[in-house]
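Peer 1: sequence first, predicted model second:
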Amino acid sequence: MRDALEGSQAIARAVGMCRPGVVAAYPITPQTHIVENISKLVADGALHCELVSVESEFSAASVVLGAAAAGSRAYTASSSQGILLMAEVVYDIAGMRLPVVMTCANRAVSAPINIWNDHQDSMAVRDSGWIQIHCTDNQQAVDTTIQAFRIAQDLDLPVMVCVDGFVLTHTLETLDMPDQETVDRYLPEPAFARRLDSANPLSMGTLVGPDYFTEIRHVQHRASCRALDVIAAADRDWQALTGRASGGLLTVDGDPDAKIGVLAMGSVVSTFREAMETLPGGKKAKLINLRTFRPFPAQALIDACAGLRHLVVVDRSLSPGLGGILATEVKAALADGPKMPKIHAVALGLGGRDVPMEAWTRLVALAKDAPEPFHILDLDPAKLDPADL
Amino acid sequence: MIEVRIHGRGGQGNVVAAYLLATAAFETGRNCQAFPSFGAERRGAPVTAFVRIADRPIGRRCQVAEPAFLVVQDAGLLAIPATIDGLKPKGGIVVNSPRASAEIEGETGHPVLALPASQLAADILGKPVPNVALLSAFLAITGLLPAESLVGALKRRFKGDILARNIKLVETVTAMVPAASWGGMAHA
């Protein structure tokens, strides 16, 4: 049903319709409204689940780990420092192959303290083994949250739904909320392949020595790679039910013959899409929205970049001493393709700096120049000590 | 697309105002978007919120740099240049002030509708929260959306006596303001 909802409220309702057995979370800006709204659903009797108030994110992750291990559909949400405090358990959840779903309300990481949006937090746990899917708008946040429970259960892997903090979580906008019947048709009953069951005893997270550790890591990698097909299928099936696709692994918009491409993740894609359509000269480049960051859809990316001479890769995070994390990965993936475009690596919108429509024009213009080393597009040199220029 | 910026101080219901305005647009079948520009939230600090209303889907998620209208909940904020920054040359300002509109027009160089919104709210709601009075005035003078759409938005958020008082406030303010006298300005 068409509605106007704040992103966090819409996500909370979507989680509720997935009928989680256990929700555990600790509040952190900008994630807080999601869990507040889930609490309201529980208090109002609209959602029957075990809602566990914990004393830290470490415990939140531990509770959903235990819940999923016991066979419950389990959900948590966090941001920034909260994700980092969870990090040890985040790895455990993936290593134990538990189908937990988490919303990461993407936010910068300290220091200095910054509560606003970029992608540093989810990037900090990109190697944990969680699937990471980014959303461009709140419709996708709703639809991807529902898809995430199915993907997680299909693969025995946890899924992190990355939703830009404030820009999406605190934006009220028009969207189409699915009804309970549709979600019930889409999601299987929670029945996990790996769960603690006294009739069929098994151990999880045990000590594994050099004799088997390598094989377990291999199996985890293979499962994550298999997620590419499962993510694409989950989106196709959702589209068949609702008429709405969320972008599968990635989407390409604009002139298919364009020689310039701009690749980005998350809510800036929504701004860039409007800029591409409406700004003078906007259609010179095509726009690649990398929805799925983990597993990394290398082949789909190579196909999407066919014919491109230049690809501008937009990072919303950075690895000091390396540069753009996304750009580095894109470059590595395209190196296996037939003809690699020139990669222009830039970051923008760090720590909540506004990304205006005109950023699109500047990004497209970068392709006219020879690639520079990684740089930050919206850096203001006037604010710097000359020694740091 | 119509872009509106709301300026106020923490505690004046700025984000609620933005959400109410967007929801009122939704009530008429339009697409809407509303979001705050949060600082470290605290009472009294300047807060900005943004609203977009359009007949087509809204893609852009940047802050509103060039609004067609401002809704200003604390007239003192007009003294800060950032408040009026980017307002379209003929863009109108609806401001919470007991002063005459013409005086503030002279100071800002923009069309102004001044409304003693805190006083009206204190009288009718029992609390000097200016947001609903200002929105009612904004909708009435622009003719952008019918007052009923704001009532619809209020019904989604409030119940009982609080809702009844808010509806009375909408009706009172709507009757005070010259209807649609800023009619063509939304597309200026």
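Peer 2: Received the coordinates, thanks.
Peer 1: distance check, A:Ala111 against A:Thr29.
Peer 2: 16 Å (C-beta to C-beta, to the nearest Å). C-beta: built from backbone N, CA, C; applies to glycine.
Peer 1: what about these two, which has more around it?
Peer 2: The residue with more neighbours, out of A:Ala111 and A:Thr29, is A:Thr29; 20 against 5, by other C-beta atoms under 10 Å in any protein chain shown.
Peer 1: which helix or which strand is home to the closest residue in space to the more buried one that isn't next to it in sequence?
Peer 2: Among residues not flanking A:Thr29 along the chain, A:Ile115 sits closest, at 4.9 Å (C-beta to C-beta, 6 or more residues apart in numbering or on different chains). Assigned by DSSP states H and E, A:Ile115 falls within no helix or strand.
Peer 1: and for A:Asp184?
Peer 2: Using DSSP H and E, the element containing A:Asp184 is helix A:180-186.
Peer 1: which strands and helices sit next to that helix?
Peer 2: Identification of packing neighbours for helix A:180-186 by 3 or more C-beta pairs under 8 Å, 6 or more residues apart in numbering or on different chains; DSSP states H and E yields helix A:7-17, helix A:138-155, helix A:213-242.
Peer 1: what's around the residue nearest to A:Thr29, how many residues?
Peer 2: Counted with other C-beta under 10 Å, the neighbours of A:Ile115 add up to 21.
Peer 1: residues near the residue of chain B found nearest chain A, how many?
Peer 2: When scored by C-beta to the nearest C-beta, chain B has B:Gly59 as its residue closest to chain A, at 3.1 Å. By other C-beta under 10 Å, the residues close to B:Gly59 number 21.
Peer 1: check the one 5 residues further on too.
Peer 2: If you count neighbours by other C-beta under 10 Å, B:Val64 ends up with 21.
Peer 1: isn't it up against B:Glu3?
Peer 2: Yes. Assessed by C-beta atoms under 8 Å, B:Val64 is found in contact with B:Glu3 at 4.5 Å.
Peer 1: which neighbours do the two share?
Peer 2: Common contacts of B:Val64 and B:Glu3 (C-beta atoms under 8 Å, 6 or more residues apart in numbering or on different chains): B:Phe50, B:Val51, B:Arg52.
Peer 1: what's the burial count for A:Tyr284?
Peer 2: Residue A:284: Lys, not Tyr. A:Lys284 has 15 neighbouring residues, counting by other C-beta under 10 Å.
Peer 1: ok, and the most crowded of the shared contacts of B:Val64 and B:Glu3?
Peer 2: Per-residue neighbour counts (other C-beta under 10 Å) across those peak at B:Val51, which has 28 neighbours.
Peer 1: list the strands paired with the helix or strand hosting that residue, with their directions.
Peer 2: Assigned by DSSP H and E, B:Val51 belongs to strand B:46-54. Sheet pairing of strand B:46-54 (DSSP bridges) gives strand B:2-9 (antiparallel), strand B:31-37 (antiparallel).
Peer 1: are we agreed that A:Leu51 is in a strand?
Peer 2: Yes. Per DSSP: H, G, I helix; E, B strand; the rest coil, A:Leu51 lies within a strand segment.
Peer 1: quick one, phi psi at A:Ala258?
Peer 2: phi -60, psi 150 (degrees, to the nearest 10).
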